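Chemist: Sequence plus the predicted model coming up.
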Amino acid sequence: MQQPQQHEETLDGSPRVLVVDDDPTVAEVVAGYLDRAGYVVDRADDGPAALTRADAHWPDLVVLDLMLPGMDGLEVCRRLRGQGPVPVIMLTARGDEDDRILGLEVGADDYVTKPFSPRELVLRVESVLRRSRPAVPGHRLGAAGLAVDPAARRATKNGTELALTLREFDLLSFFLRHPGRAFGREDLMREVWGWDFGDLSTVTVHVRRLRGKVEDDPARPRLIQTVWGVGYRFDPTDPTDPTDPTDPTDPTSAEAAS
């Protein structure tokens, strides 16, 4: 069994970012902005090179192009996550929702659509890395067999450790801190992602992925319930299964019908 990758500190303690893009102009611009922002930057122009680079120097974060030649960004993301936890920001050349959702489904923590502002990308990198750092020691959270240690960034279900991405961990922690309260997707994007605007399908996908890991039956969720026309509510005490035939992962389907 392959051992998880261990983080290797840079000489000055700066975070290491791996930029993977087959367009040399994009890669150079992104690397330049990240370098000026104080990051140590490694570059790769295809999937195999990215995996080799990551194996030699495990990054703190990966900026990963979706449309790579040969091995695409989705497969690279899967393989990296198989080696160890690492935040991933996916770059996509198209604004197609399917591309964004595919990236989020395989575990990307964020995405940026080309063409993009390099300054915006640097801000996204800072935001994701800030949330990936160990939290200040505080109270552990728990309910309904779920337990979260914010300082260790460790989550378990009935004593078994859960393999959560950065955003899934933050989302579960937020729900555990606010049981019984309903939140809209805009609220969750602001409180969990730290964004005042963005594609709300990001929240929908992460809720669906989190349900797949914490619910006994993700198709009939009991813990993370859909509040039709509003959003979601974490309810560790309500045993009622949703019976609405509408897709339970997308509260806007009810909004559209209302």
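Modeler: The structure has been received and is ready for your questions. Residues are numbered from 1 along each chain as shown.

Chemist: The residue nearest in space to the middle of the chain: what's it in contact with?
Modeler: By Cα atoms, centre = their mean, the mean C-alpha position of the chain lies nearest to residue 109, the distance being 2.5 Å. Applying Cβ atoms under 8 Å, 6 or more residues apart in numbering to residue 109 gives the contacts 87, 88, 89, 128, 165, 166, 167. (Each C-beta comes from the backbone N, C-alpha and C, glycine too.)

Chemist: Show me the shaky parts of the stretch 51-200 of the chain.
Modeler: 94-101, 103-105, 133-138, 195-199 (pLDDT under 70).

Chemist: Could I get the full set of strands for it?
Modeler: 61-65, 88-92, 110-113, 141-143, 146-149, 154-157, 160-161, 182-184 (DSSP state E, counting those that start in this stretch).

Chemist: which of those is buried the deepest?
Modeler: strand 61-65 (a mean of 27; mean count of other Cβ atoms under 10 Å).

Chemist: What lies in contact with that one?
Modeler: Contacts for strand 61-65 (Cβ under 8 Å, 6+ apart): 15-23, 26, 30, 34, 50, 54, 73, 76-77, 80, 86-93, 108, 121, 125, 128-129, 132.

Chemist: please redo it, this time with the cut-off set to 6 Å
Modeler: Contacts with strand 61-65, where a contact means Cβ atoms under 6 Å, 6 or more residues apart in numbering, come from 17-21, 73, 86-91, 129.

Chemist: count of neighbours near the closest residue to residue 18 other than its chain neighbours?
Modeler: Excluding the flanking residues, the one nearest residue 18 by Cβ to Cβ, 6 or more residues apart in numbering is residue 59, at 4.0 Å. For residue 59, the count of nearby residues is 26 (other Cβ atoms under 10 Å).
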